[in-house]
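Asks: A predicted structure for the sequence below; I have some questions about it.
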Amino acid sequence: MIQFLISLLVGALVGYVAGRVMNSGSKGLLMNCLIGIVGSSVGHFVYGLLGIQTTNFLGDFLCSVIGAIIVIFVARKISK
């Protein structure tokens with residue numbers, strides 16, 4: 001249960017950071033969590049394709065933020 005809560009908090013932080021980088025503003029806690037969690041999956045998938053492995057929290061966090069940026073970018077392109 002604690003691990004799940006930590007995942008949600010980290011996901012919210014990842015979504016928030018990616019939103020700030022992409023200048024999309026804060027979308028609320030729930031949307032930031034969703035963007036962060038989906039972004040983490042996308043980031044680790046892309047890193048796997050490129051043969052990059054993360055070894056610590058900072059590497060995982062950056063990987064997740066990059067994935068969330070990709071998710072926001074693709075969502076913007078689809079919505080136009």
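Replies: Perfect, thanks for sending it.
Asks: Tell me the secondary structure at I52.
Replies: coil (DSSP: H, G, I helix; E, B strand; the rest coil).
Asks: what residues are up against it?
Replies: I52 is in contact with C63, counting by Cβ atoms under 8 Å, 6 or more residues apart in numbering. To be clear about C-beta, it is placed using only N, CA and C from the backbone, and glycine gets the same treatment.
Asks: How many neighbouring residues does F73 have?
Replies: Neighbour count for F73, taken as other Cβ atoms under 10 Å: 13.
Asks: Let me fix that, I meant to ask about A18.
Replies: Residues near A18, counting by other Cβ under 10 Å: 25.
Asks: and it, what element?
Replies: helix 2-21 (DSSP states H and E).
Asks: ditto for M31
Replies: helix 29-50.
Asks: count of residues packed around N23?
Replies: Neighbours around N23, by other Cβ under 10 Å: 7.
Asks: Could you tell me how far it is located from L5?
Replies: N23 sits 29 Å away from L5, going by Cβ to Cβ, to the nearest Å.
Asks: again with G19
Replies: 21 Å.
Asks: Settle it for me: which of the two has more neighbours?
Replies: G19 (20 against 9).
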